[in-house]
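**Q** Here you go, sequence then predicted model.
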Amino acid sequence: MSFSLAPSLDLPEDVHEFLTRYVEHIQQSWSADLGALILFGSAARGDFIVGRSNINVLLVIKNMSVDLMQRAGQLHKEWGKHQFIAPLLMTEEDLVRSRSVFPLEFLQMAQRHVLLAGQDPLSEEQIDTTRLAWQSEQELMANLLRLRQRFIEGEGRNEAIQALLMLSISAVLPSIRGLLYVLGHPSKENDTKTLEMLPGALDFDSSLLLEILNMKKGLRSPGAYEWVKAFERYIQSIEILMQRVQAIRQEGRL
């Protein structure tokens, strides 16, 4: 099995170095067990944020076993301190099932990933768009309910609202990508460009979502931002987005 690291990855130098060493570690210790090694998430999309983002890898395993999971635990013990999330272990059979059981998650990986080793098993083909549309809408609703609940837990404090909005925008983006895909506007671009597609694809003003995303990326300073008012506007935006999705469903486009 040949291993490589895409030189075009837009990652900080130290993160790129850790990823290179991780691939070398896999090459030495896991090659007999692997069908593929895949980088996904923000590091693969070009949305990696220093100090906030992590490195997500998928190990496609030939044969799953408890012994192999224990080895993965040792792998994580060594690399978790370098921003690596515990590896996602799946067999090829798991991937086939996930197309229909977890179409939204599968789409996120299929649309934007980097093959570091083996043969690429991720394809957007055969994704059930009906299931994808329902899961995307369901996740939007779940996000809205969590926003209300977490606001209460944080007692409406500015620092709690700020953290909540940063987390929420990350959770909303996969649903938006799923909806765009079903509506015939698939986006393999970074988060900013994906949000910029919303006015044309869903007739929805995404300016506030972009504002929050830019704060998360550190491209805009919150300064004396009025977080309570921002939360009110944000939650209204999510509600409007859901209403727009419902209208599109009634039109038969979802």
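**A** Cool, the structure landed.

**Q** For the rest of this, base every contact and every neighbour count on C-alpha atoms.
**A** Will do.

**Q** Identify all residues paired with I38 through a beta bridge.
**A** L58, L115 (DSSP bridges).

**Q** What residues sit buried inside stretch 197-209?
**A** M197, L198, L202, F204, D205, S206, L209 (16 or more other CA atoms under 10 Å).

**Q** now do stretch 101-119
**A** Buried residues in stretch 101-119 (16+ other CA under 10 Å): 101-118.

**Q** Can you flag which of those belong to strands?
**A** Among the buried residues of stretch 101-119, the members falling in strands are H113, V114, L115, L116, A117, G118 (criterion: DSSP state E).

**Q** Next one: G154 from V172, what distance?
**A** 20 Å (CA to CA, to the nearest Å).

**Q** repeat for L59
**A** Taking CA to CA, one finds L59 at 26 Å from V172.

**Q** what's the distance between stretch 49-60 and the middle of its chain?
**A** Its chain's average C-alpha position is 10 Å from that of stretch 49-60, according to CA atoms, centre = their mean, to the nearest Å.

**Q** Residues touching it, excluding its own?
**A** Residues from elsewhere that reach stretch 49-60, judged by CA atoms under 8 Å, 6 or more residues apart in numbering: 12, 34-43, 48, 83-92, 217.

**Q** buried set for that stretch?
**A** Quick answer for stretch 49-60 (16+ other CA under 10 Å): S53, N54, I55, N56, V57, L58, L59, V60.

**Q** any idea where the strands of the stretch 51-200 of the chain begin and end?
**A** Ranges of strands in the stretch 51-200 of the chain, per DSSP state E, counting those that start in this stretch, are 56-61, 88-90, 113-118.

**Q** could you dump the ones you listed to TSV with mean pLDDT and distance to Y225?
**A** What follows is the strands of the stretch 51-200 of the chain, written out as TSV (pLDDT from 0 to 100; distance: least, CA to CA, whole Å):
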stretch	mean pLDDT	distance to Y225
strand 56-61	95	32
strand 88-90	95	38
strand 113-118	89	35
